[in-house]
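> I'll drop the sequence and a predicted model, then ask my questions.
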Amino acid sequence: MKLLLIEDEPLLVENLQARFKSLGYIVDVAQDGEQGLYLALEYDYNLVILDLGLPKQPGLVVLQKIREADKVMPILILTARNSWQERVEGLKKGADDYLGKPFHFEELQARIESLAKRNQPKKSVICFSPSHIKDITYVCLDIEAKSLLINHQSQTLTATEFRLAETLFRHPKNIFSKQALLDKISDASQEKDDNIIEVYIRRLRGYLGKESIQTLRGQGYRLTLADSAGLVE
C-alpha cells in the first residue's frame with residue numbers, strides 16, 4: 001500500500017513513518033499544504049492522511065483542490081481539530097474519514113485498512129492461462145496473500161516484487177515505462193535508479209518465464225500472460 005502523509009509535526013511524522021514501514025507500506029511525506037497538494041496531484045496513492053493545521057496551505061483547501069482535480073483516492077483527516085462542526089465540514093468537502101488527535105495507532109491502522117479495502121478492485125486473485133509459456137498451465141496473483149500461484153506451487157513475493165507484479169497483473173495490456181513502474185514501487189524521498197526495475201523484472205521472469213514480460217525498446221514493459229489464453233475469471 002502506498003500512502004501520502006501530509007503532516008507538519010516532526011515527531012508524529014517520524015513515528016508514523018516507522019510504524020507504517022514496519023507494515024510494508026510505502027510512505028511519502030509532505031510537511032506543508034503546498035507540497036502535499038503537489039504530491040497528491042502528481043502521483044497515485046492508495047490513501048492520503050491529511051492534517052488540517054498545515055503551513056502554506058490549510059488542510060481543507062488541500063482537500064478541496066484534490067477533489068476538484070477528480071482524484072478519487074481515499075482521504076483520512078487526522079487532526080487536533082476535532083469538534084463536530086469541523087468533522088462535518090471535512091466530510092462535506094470530500095474526506096472519507098476523520099480521526100482526532102490524540103489517537104491510538106491501532107485505530108488509525110484499522111481505519112486505513114478499511115478505507116483501502118473499500119476502494120480496492122473487488123478481484124483479489126488475478127489468474128491467466130498462458131499457452132505460449134512452456135510448462136506453465138496457469139498463473140495466479142493472490143492480492144491478499146501477496147504471492148504467486150504457478151500451476152500448483154506457491155511463490156511468496158517480497159513487498160517490492162508484489163507491488164511490481166500487482167501493477168502488471170491489474171493492467172495486462174498496458175505498457176509501463178521504467179519511471180511509471182518506479183513511481184509504483186518506491187516513495188518520493190528515495191533516490192530513484194531505474195536499473196532497479198530491470199532487477200525486479202528479471203526476478204519476476206525467473207518465476208513466470210522469460211516470455212511473460214515483454215521489453216519494448218524505448219517504451220517500457222508489458223505483461224504477456226493475457227496474450228494467448230487471456231484472463232481466467
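Happy to help now that I have it.

> Now name the helix or strand holding Pro55.
Under the criterion DSSP states H and E, no helix or strand holds Pro55.

> List the contacts of it.
Residues in contact with Pro55 (CB atoms under 8 Å, 6 or more residues apart in numbering) are Asp8, Gln31, Asp32, Gly33. For every residue, glycine as well, the C-beta is placed using N, CA and C.

> switch the cut-off to 6 Å
Pro55 sits next to Asp8, Asp32 when contact means CB atoms under 6 Å, 6 or more residues apart in numbering.

> residues contacting Ala18?
Applying CB under 6 Å, 6+ apart, no residues qualify as near Ala18.

> same question but for Ile77, I mixed them up
By CB under 6 Å, 6+ apart, the neighbours of Ile77 are Leu50, Gly90, Ala95, Tyr98.

> Please report how far the third one lies from Ser147.
So the one you mean is Ala95. 34 Å (CB to CB, to the nearest Å).

> quick one: which of those two has more around it?
Between Ala95 and Ser147, counted using other CB atoms under 10 Å, the more crowded position is Ala95 (22 against 17).

> What is the lowest-pLDDT residue among the contacts of Ile77?
Within the set of the contacts of Ile77, pLDDT is lowest for Gly90 (83).

> wait, it sits on Leu99?
No: applying CB atoms under 6 Å as the test, Gly90 and Leu99 come out as separate, 10.5 Å apart.

> out of those two, which sits in the more crowded spot?
More crowded of Gly90 and Leu99, by other CB under 10 Å: Gly90, with 23 against 17.

> Assign a three-state SS to that one, would you?
Following DSSP: H, G, I helix; E, B strand; the rest coil, Gly90 is assigned to helix.

> bridging residues for the residue lying closest to it once chain neighbours are set aside?
Nearest residue to Gly90 in three dimensions, chain neighbours excluded: Ile77, at 4.7 Å (CB to CB, 6 or more residues apart in numbering). Ile77 has these beta-bridge partners by DSSP bridges: Leu50, Tyr98.
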